[in-house]
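Got a sequence here, can you build the structure:
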Amino acid sequence: MSEGVKIIAVNRKARFDYAVDDRYECGIELLGTEVKSFRDGRISFPDAWAEVSGGEIWLRSLKVAENPFSSIFNHDPDRKKRLLLHRDEIKRITRRVEEKGYTLIPLSFYFKKGRVKVELGLCKGKKSFDKRADIRERDLKREISREFRSRLS
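Residues are numbered from 1 along each chain as shown. From the prediction side, this is the model:
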């Protein structure tokens with residue numbers, strides 16, 4: 001990510017459970033109290049996903065904690081949020097999602113020039129043997145780096 005970007009949260013589990021084919025940066029339509037909760041990092045999205053509905057993309061299962069300092073005008077923590085993309089990007093995403101096995105998963109949330117952005121991934125679920133291969137590869141890299149460090153000392 002470039003300058004002026006402050007990362008709020010990263011979905012590490014999504015990269016383990018899914019193979020990411022494409023990534024899209026999109027804005028998110030939020031209420032004022034939701035933005036305050038994003039600034040505090042009070043969001044939870046382990047099971048979050050996005051759906052295409054009526055020519056728009058909606059983010060589901062994103063839980064934004066209520067702001068304790070706001071009054072009766074607080075937001076609903078479980079409401080679905082609209083993602084802001086260009087029309088041609090939405091059409092391209094819709095065609096891909098209609099294919100078998102593709103889903104939209106939020107990979108990370110960050111501030112860019114003062115606005116909340118979502119990195120949305122077009123993902124395909126991994127099989128268990130793919131996950132085991134990733135674990136094996138990660139362990140090998142760790143062992144190689146340990147060996148390399150011990151030889152330098």
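
helices and strands around the longest helix along the chain, which ones?
The helix that spans the most residues within the chain, counting by DSSP state H, is helix 128-152. Contacts defined by 3 or more C-beta pairs under 8 Å, 6 or more residues apart in numbering; DSSP states H and E place helix 128-152 against helix 12-17. For glycine as for every other residue, the C-beta is placed from the backbone atoms N, C-alpha and C.

in this structure, which segments are predicted with low confidence?
Where the chain drops to pLDDT under 70, the residues are 1-2, 70-72, 76.

any idea whether residue 58 is helix, strand or coil?
What DSSP: H, G, I helix; E, B strand; the rest coil gives for residue 58 is strand.

Helices of this protein, start to end?
12-17, 32-40, 87-98, 128-152.

most packed of the ones you listed?
Using mean count of other C-beta atoms under 10 Å, the stretch among those with the greatest mean number of neighbours is helix 32-40 (a mean of 17).

contacts for that helix?
8, 30, 43, 64-67, 69-70, 73-75, 81, 109, 111, 116 (C-beta atoms under 8 Å, 6 or more residues apart in numbering).
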